[in-house]
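S.K.: fold the stuff below for me.
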Amino acid sequence: QMQLRESGGGLVEPGGSLTLRCSASGRILSSWIVAWFRQCPGKEREFVAMRRWAGHSPYYSDTVKDRFSISLEKSINTWLLQMNNLSPDDTAVYYCAAGSNYDQKVSDYKYWGQGTQVTVSS
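M.R.: Got it, this is the predicted structure:
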């Protein structure tokens, strides 16, 4: 059973940057999609970014595009989320996920991490 683990969350001031990492316990197939989602208290989990493990086609939600970037460290089965120009609205628990469909739906992702808290506050 594949296990995912996020790291890198924390407290950051508005306008600051943070990089999240997701490490997988096993080999990720080249056909898979890796992604990031986030969830605020009382709200549904929402899509943030995804990318094909083969390296192509990063895609972002409208709320984060031009500020966030998803990248891969394939040699160590890890993907990152670089977050820039953060605002309090970005405060959430961030989850990494992996699945086989290039889609934004939570239900399309088979494997999930436990989540890491990101708090943007002065």
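
S.K.: which residues in this structure form strands?
M.R.: Under the criterion DSSP state E, the chain contains strands at 4-7, 10-12, 18-24, 33-39, 46-52, 59-60, 68-73, 78-83, 92-99, 109-112, 116-120.

S.K.: rebuild the ones you listed as CSV, extending it with mean pLDDT.
M.R.: Formatted as CSV, the strands of the chain follow (pLDDT from 0 to 100):
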stretch, mean pLDDT
strand 4-7, 97
strand 10-12, 98
strand 18-24, 98
strand 33-39, 98
strand 46-52, 97
strand 59-60, 98
strand 68-73, 97
strand 78-83, 98
strand 92-99, 98
strand 109-112, 96
strand 116-120, 98
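
S.K.: could I get these in a markdown table, plus columns for mean neighbour count?
M.R.: (Each C-beta comes from the backbone N, C-alpha and C, glycine too.) A markdown table is the format used below for the strands of the chain (neighbours: other CB atoms under 10 Å):
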| stretch | mean neighbour count |
| --- | --- |
| strand 4-7 | 18 |
| strand 10-12 | 14 |
| strand 18-24 | 20 |
| strand 33-39 | 23 |
| strand 46-52 | 21 |
| strand 59-60 | 17 |
| strand 68-73 | 17 |
| strand 78-83 | 21 |
| strand 92-99 | 22 |
| strand 109-112 | 18 |
| strand 116-120 | 18 |
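
S.K.: any idea how far the one residue sitting closest to the centre of the chain lies from Val93?
M.R.: Centroid check for the chain by CA atoms, centre = their mean gives Trp36 as the closest residue, at 2.3 Å. Separation of Trp36 from Val93 (CB to CB, to the nearest Å): 11 Å.
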